[in-house]
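1. coordinates for the following, if possible.
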Amino acid sequence: MAKHVILEAYTFVPATRTITVVGKNIRREQLLLITNTTTNQVIYNFSDSTLNATAYTNAVDAVTGQETTTIVLNYNTTSMLSTHKLAIVTEETYHEIIPSEVMRDPVDKLRVSTPQSLIDTDFEYGIQPTKWESLNLLNNRPSAFYDATQGISNTSRTDLTHPGSNTSAYQITNVTASGKTVTVSIGNTTGFNVGQPVFIFGTTDPGNADGWWVIESISAGVSFTYTVTNTPAASLYDATKTYVFLGYFFTGAAIPAATNAITVSGTTATVTTTNAHGLRPGDGIYVIGTTGATGLLNSSWIVQTTPTNNTFTFACTATGTITAVLNASIYPRALGYVEHRPFDGGVQFSNVVPTHGYQVVRQTRRQFRYQSGKGIQFSTGSTVKPPLTISNITSSGTTVTVTTKYPHGLNVGAALKITGAVTALGASDTYNGTGVSGGSTYVVTAVTNTTTFTYTASGTPSVSPALGFPITVSPQAWYGSSNRVGMFDSQNGFYFEFDGQQIYCVKRSSTTQLSGLIAVNAGAAAVTGTGTKFSTELKPGDSIVIRGMTYIAQQIISDTSLTIYPEYRSLTNLTTGSASKVVNTRYAQSAWNIDKMDGTGHSLMTLDLSRMQMFYIDYTWYGAGAIRFGFKNNRGEVIYCHRVPNNNVNTEAYMRSGNLPARYETNTLAPYTYLTATLTSGVTASMSVADTSLFPSSGTVALTQAAATGAIIEYITYTG
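-> All right, here's what the predicted structure looks like:
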């Protein structure tokens, strides 16, 4: 026999001394004790005639079919309240055991055996192209890709299948730079074409020479050249590390622009695009296909200004005034990279620059298929405040200069955590410290170039350069960028997200349909609605799904008109259709419902996101299953921090599909908001917006009208 306490499934009416237990048939001989735990009074005792029941009824509700037990007490409860808590103790004929959270699998079954790993260490850290793929996006628009089986190094390769040859060996012999022009010496250039993207990594100056570029000239069978943004070292070749991957543009990835879309005045090129381009200063582009005397435009460039939402400028090497540029193709250019690190088995990836709109994604090539009645567990080791690889740290007074091995991607104001620097006697030096975003110390004060920045120490360090090994420099806080890890794609899934300020558990869903019906033409950015409510159901920057593809709602012009980015990717027009909104439900650490991981929970663990963590997520689908998020604690045990129930919560399936890839992502998707009051000309005091929670206390915002093309973009610096 076992005692059982009923705590919640009841109603209490003190005025009539009545207790009704809902959903349970309690035989009278089972009922032992009822206590008002609010007033600490026993109001029923089976062995005390003064504390018994005057009436006792078992029934079945004719409408709901639920069993009920109604007890009318002998004890006078009229002075009590219906909100008082009762403990109803019964004698049961069975024992009920509820295992702890970590002993139950995603479908709430007891873990009785060691599960087979779905994602082994090869998936986690390997470079096998059959298991992993990497993707770079700019405003949800892909650029170029390469085949990871076709990398070219100093080793002669005969297994490559570049266009035009599958027998001749490809081999790098040297990489040099003259000014900003980089020359890659390669024994065979068959299959290489001017205007083709190429990915380089492993040079001796990765901050300036590595990354995605475009081939500008070819010396047949000898070399090809590309132009970089900043002048690199003259000698760039590392025989053990330098690789070249020939790339290809994704079909339809070009930013549409009309004939004669580029004009050049002096060294400034102005581009007019067919639709809103979505670019910001600092974004990368390729220009290819220009002809004649304008050939110097065919290269990799950085956007300088964006006067309107369908014009932008860049500084080029052309001279004079050229007013007719024909046949140009403009592609977004990825500035980030994903690089396997064979020396430590890890994978490093970065957007490299902090400009808006970039996403670097590393994910499993195929989704893991959910099986009914089973659950899937995802686990991985990762760092969402990843340390920088340091080449040198020096000081001049309290000004500390940090030189990184790879591009740091930091802006002024990013908070830092520095550990590991010591004096000659081994004590901690003043190089070390932790900053707060916007504070005066241990915050980036200046960015010299892509691999150098400075911060102010709390005192003058005792030696320069810094002593100690290893010295760790980790970004601690920032705005406008997020790191994500979990099982998700652009429409569905769940993941951990650190946005530079706090960590979240996130559920992503695309099952919520927008009101009304939409129409959009193939290759067009303009979406028109019938019975739609774009102005109230969407805001700029939201993602929507049209016929299985994801688009950014770039401009909300009215309830029945919006523009999307990129353009509608279909060969046929959509005359009548539905659109769904991608909803990201974020649960901040302070709202986690199992263990907040801040030292106050049952694990007593406090997360340090600058350290390597084991992340755990498991889930059941069936459209209404639960999702659990967790970590390993200081003892190496799996503990859970948050559960997202979906049963009896939603009105439809919580995701479109339970089949998901494992995914890592770093992005520079800055927050959007919108004006809630008219901004008149000459206003210098303030502007009223819908939400400032994700914005820093000072900075620069881009302000644009809601219009398909021609809307002026203004950049405004604010101080509060």
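
2. what sits closest to the residue nearest the centre of the chain if chain neighbours are left out?
-> Geometric centre of the chain, nearest residue: Arg484, 4.0 Å, by CA atoms, centre = their mean. Among residues not flanking Arg484 along the chain, Glu665 sits closest, at 4.3 Å (CB to CB, 6 or more residues apart in numbering). Yep, even glycine has a C-beta here, placed from its N, CA and C like the rest.

3. neighbours around that neighbour, how many?
-> Neighbour count for Glu665, taken as other CB atoms under 10 Å: 22.

4. list phi and psi for it.
-> With angles defined as degrees, to the nearest 10, Glu665 sits at phi -150, psi 140.

5. got a pLDDT number for it?
-> pLDDT recorded at Glu665 is 94.

6. and if you look at Gln128?
-> Note on Gln128: pLDDT of 61.

7. just checking, the residue nearest to Arg484 touches Gly486?
-> No: taking contacts as CB atoms under 8 Å, Glu665 lies outside contact range of Gly486: 9.0 Å.

8. common neighbours of those two, please.
-> Common neighbours of Glu665 and Gly486, counting by CB atoms under 8 Å, 6 or more residues apart in numbering, are Tyr495.

9. could you check how far stretch 20-39 is from the centre of its chain?
-> 50 Å (CA atoms, centre = their mean, to the nearest Å).

10. repeat for stretch 328-337
-> Relative to its chain's centre, stretch 328-337 lies at 20 Å (CA atoms, centre = their mean).

11. residue ranges for the helices of this protein, please.
-> Taking DSSP state H as the criterion, the chain contains helices spanning 121-125, 206-209, 534-537.

12. quick one: list the elements packing against the second one.
-> Other helices and strands packing on helix 206-209, by 3 or more CB pairs under 8 Å, 6 or more residues apart in numbering; DSSP states H and E, are absent; none qualifies.

13. Thr456 reaches Gly397, doesn't it?
-> No: taking contacts as CB under 8 Å, Thr456 lies outside contact range of Gly397: 9.1 Å.

14. ok, these two, which is more surrounded?
-> The neighbour count for Thr456 versus Gly397, taken as other CB under 10 Å, is higher for Thr456 (18 against 11).

15. for the more buried one, give me its contacts.
-> Taking CB under 8 Å, 6+ apart as the test, what Thr456 contacts is 398-400, 440-443, 445.

16. for Pro387, see how far away it is.
-> 20 Å (CB to CB, to the nearest Å).

17. show me the beta-bridge partners of the residue nearest to the centre of the chain.
-> For Arg484, the beta-bridge partners under DSSP bridges are Glu497, Glu665.

18. is it in contact with Tyr495, as I believe?
-> Yes: in this structure, Arg484 is within contact of Tyr495 by CB under 8 Å, at 4.8 Å.

19. shared neighbours, the two?
-> Going by CB under 8 Å, 6+ apart, residues that sit against Arg484 and also against Tyr495 are 506, 663, 665.

20. just send the residues you listed back as a markdown table, with distance to Asn25 too.
-> A markdown table is the format used below for those (distance: CB to CB, whole Å):
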| residue | distance to Asn25 |
| --- | --- |
| Val506 | 42 |
| Arg663 | 49 |
| Glu665 | 52 |
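
21. what about the strands in the stretch 1-150 of the chain?
-> 2-6, 10-13, 18-22, 31-36, 41-45, 53-60, 67-73, 86-92, 132-138, 141-142, 144-146 (DSSP state E, counting those that start in this stretch).

22. centre of the chain to the shortest one, how far?
-> What separates the centre of strand 141-142 from the centre of its chain is 16 Å, taken as CA atoms, centre = their mean.

23. tell me the strands beside it, with direction?
-> With DSSP bridges as the test, strand 141-142 is paired with strand 132-138 (antiparallel).

24. try the last one
-> Using DSSP bridges, strand 144-146 pairs in its sheet with strand 243-249 (antiparallel).

25. show me which residues of the partner strand are buried.
-> Neighbour-count burial for strand 243-249, counted by 16 or more other CB atoms under 10 Å, picks out 243-247, 249.

26. residue contacts, the closest residue to Thr550 other than its chain neighbours?
-> Leaving out its chain neighbours, the residue that sits closest to Thr550 by CB to CB, 6+ apart is Ser490, at 4.3 Å. Shown in contact with Ser490 (CB under 8 Å, 6+ apart): 140, 543, 550, 582.

27. how many other residues sit next to the first one?
-> Counted by other CB under 10 Å, the residues lying close to Asn140 total 20.

28. look at it and report its pLDDT.
-> Reading off the model, Asn140 has pLDDT 91.

29. the second one now?
-> Predicted confidence (pLDDT) at Ser543: the value is 95.

30. so what's it up against?
-> Ser543 is in contact with 140, 490-491, 550-553, 581-582, counting by CB under 8 Å, 6+ apart.

31. ok, 10 Å please
-> Listed by CB atoms under 10 Å, 6 or more residues apart in numbering, the contact set of Ser543 reads 140, 490-491, 508, 510, 550-553, 564, 580-584.

32. contacts only, for the closest residue to it other than its chain neighbours.
-> Excluding its sequence neighbours, the residue lying closest to Ser543 (CB to CB, 6+ apart) is Val582, at 3.9 Å. Val582 makes contact with 490-492, 508-512, 542-545, 550-553, 656 under the criterion CB under 10 Å, 6+ apart.

33. Val72 against Phe12, yeah?
-> No: at 11.9 Å, Val72 does not count as touching Phe12 under the criterion of CB atoms under 10 Å.

34. Ser603 is in contact with Phe631, correct?
-> Yes: at 8.6 Å, Phe631 counts as touching Ser603 under the criterion of CB under 10 Å.

35. could you pull out the strands in the stretch 551-700 of the chain for me?
-> Using DSSP E, counting those that start in this stretch, strands in the stretch 551-700 of the chain cover 561-565, 574-577, 579-588, 613-619, 627-632, 638-644, 662-667, 699-704.

36. nearest to Tyr226, of those strands?
-> Among the strands of the stretch 551-700 of the chain, strand 662-667 comes nearest to Tyr226, with 24.9 Å by CB to CB.

37. against Lys180, how distant is Ile285?
-> From Ile285 to Lys180 the distance is 16 Å (CB to CB).

38. neighbour-wise, which of the two wins?
-> Ranked by neighbour count (other CB under 10 Å), Ile285 and Lys180 place Ile285 first, with 22 against 16.

39. in the sheet, who's paired with that one?
-> Trp301, Pro332.

40. contacting residues around it?
-> 138, 143, 214, 255, 271, 277, 279, 299-303, 312, 314, 330-333.

41. try it again at 7 Å.
-> For Ile285, the contacting residues are 301, 303, 314, 330-333, by CB atoms under 7 Å, 6 or more residues apart in numbering.

42. what do you get for Ser688?
-> Residues in contact with Ser688 (CB under 7 Å, 6+ apart) are 675-677.

43. and it, how close does it get to Ser153?
-> Taking CB to CB, one finds Ser688 at 57 Å from Ser153.

44. same check, this time on Val412
-> Distance, Val412 to Ser153, using CB to CB: 38 Å.

45. mind checking which of the contacts of Ser543 are buried?
-> Buried among these by 16+ other CB under 10 Å: 140, 490-491, 508, 510, 550-553, 564, 580-582, 584.
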